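In: next input, structure requested:
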Amino acid sequence: RQQMEIFLRFLGDARFQSGVAQDVGVHRTTANKTIRYVVSRVVEQSHNWIRFPTTAKDMTEAKVLWQRHFRLPSVIGAHDCTQIEVQKPGLQGDFETFQRFASSWFPTI
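Out: Here you go, the predicted structure:
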């Protein structure tokens, strides 16, 4: 549970690992190790969600589908960089909170 709390808090503001550690109540090195661990586990499972054509036949089929559905010639894939607003928990009135409001939209992959 705490690992996910650290990781999700990090996604809310990836610029400050020390802020993550402070907000969650762990040492910065613990936050760093936890973030690395969770990211590695997500990457290990990424093949379940991310598929890219690897053979010439698959690439040709992908091009045909992209052309037919979206009228985009020679495209074999796309990266969805949807922007979502992440509300960071924490103290109000500090400089980090100010920065979050200045830039609170983050890309999702």
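In: helix or strand next in line after the strand or helix carrying M4, which one?
Out: Using DSSP states H and E, M4 falls within helix 2-12. Scanning forward in sequence from helix 2-12, with DSSP H and E defining helices and strands, the next element found is helix 17-24.
In: can you give me the angle the lengthiest helix in the chain makes with helix 2-12?
Out: Using DSSP state H, we find that the single longest helix of the chain is helix 28-45. Helix 28-45 and helix 2-12 meet at an angle of 90 degrees, taking axes from the mean of the first three to the mean of the last three Cα atoms, to 10 degrees as the criterion.
In: tell me which residues are up against helix 28-45.
Out: Counting by Cβ atoms under 8 Å, 6 or more residues apart in numbering, helix 28-45 makes contact with 2-4, 6-7, 10, 17-18, 20-21, 24, 26, all of which sit outside it. Backbone N, C-alpha and C define where each C-beta goes, glycine included.
In: kindly reformat those residues as CSV containing pLDDT, distance to D58 and neighbour count.
Out: Listed next are the contacts of helix 28-45 as CSV, based on pLDDT from 0 to 100; distance: Cβ to Cβ, whole Å; neighbours: other Cβ atoms under 10 Å:
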residue, pLDDT, distance to D58, neighbour count
Q2, 83, 41, 11
Q3, 85, 36, 16
M4, 84, 35, 10
I6, 81, 38, 24
F7, 81, 33, 21
F10, 80, 35, 23
Q17, 70, 39, 18
S18, 70, 44, 12
V20, 78, 40, 28
A21, 81, 44, 21
V24, 80, 43, 20
V26, 86, 44, 17
